[in-house]
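Trainee: here are the coordinates; sequence isn't available:
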């Protein structure tokens, strides 16, 4: 049983590291998306709001591409916030009740209780990590779509400038 508990201790440390990794990844991703939003906002104000002057078919396409990019990047920002949402990192029981129980039972019952604590906490920790990974995946996908619309926007603006 001691080998099993040792294995579970290592798995618990690994899962805690994964949880911290996701937290850090969410924070970095949120920072990157915030920078993209700032750049997109600066682009919107360029040349007295030229993006919002809908005087020709190409300018309508430019505006639609900008709007689609802004929506995708805004959704990505929201999902990154959702993934970063402060949530409890499941931890092993550390209450006085648990300590007293472990002190008052025999060695076999102690190990069984510790085993159950690790199993229960690992399951909760894996669920917490999965809960963070879903919105982070969505945020990344939306950022990719936003980047595609920004590329389209750049191509349309270049086309408009070359044809003028």
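Mentor: Everything's here; your move. All figures in this text were calculated on a predicted structure; none of them were measured in a lab. Numbers count the residues shown, from 1 in each chain.
Trainee: For the helix-or-strand element of the chain with minimal mean pLDDT, buried residues please.
Mentor: Every helix and strand of the chain was ranked by mean pLDDT, DSSP states H and E. The lowest is helix 96-104, at a mean of 82. By 16 or more other Cβ atoms under 10 Å, the buried positions in helix 96-104 come out as residue 102. The way it works is simple: take the backbone N, C-alpha and C, and place the C-beta from them, glycine included.
Trainee: any idea which helix or strand comes after it?
Mentor: Per DSSP states H and E, the first helix or strand lying C-terminal to helix 96-104 is helix 107-163.
Trainee: So which elements touch that following helix?
Mentor: helix 2-44, helix 57-84, helix 96-104 (3 or more Cβ pairs under 8 Å, 6 or more residues apart in numbering; DSSP states H and E).
Trainee: Helix 96-104 and that helix, what's the angle between them?
Mentor: Going by axes from the mean of the first three to the mean of the last three Cα atoms, to 10 degrees, helix 107-163 is angled at 140 degrees with respect to helix 96-104.
Trainee: how far is helix 107-163 from where the chain is centred?
Mentor: Using Cα atoms, centre = their mean, to the nearest Å, the mean C-alpha position of helix 107-163 is found 4 Å from that of the whole chain.
Trainee: these two touch, right, residue 72 and residue 150?
Mentor: No - contact status for residue 72 versus residue 150: not in contact, 9.1 Å apart, counting by Cβ atoms under 8 Å.
Trainee: what about the chain, any weak spots by pLDDT?
Mentor: When residues are selected by pLDDT under 70, those of the chain lie in 86-87.
Trainee: Need phi/psi at the residue sitting furthest away from the middle of it.
Mentor: Centroid-distance maximum for the chain: residue 106 at 44.3 Å, with Cα atoms, centre = their mean. When quoted as degrees, to the nearest 10, the phi and psi of residue 106 stand at phi -80, psi 170.
Trainee: hang on, the earlier thing: quick one: contacts of the least confident helix or strand of the chain?
Mentor: With contact meaning Cβ atoms under 8 Å, 6 or more residues apart in numbering, helix 96-104 is reached by 110, 113, 114, 117.
Trainee: which one is the third one nearest to, not counting chain neighbours?
Mentor: With sequence-adjacent residues excluded and distances taken as Cβ to Cβ, 6 or more residues apart in numbering, residue 114 is closest to residue 5, at 5.7 Å.
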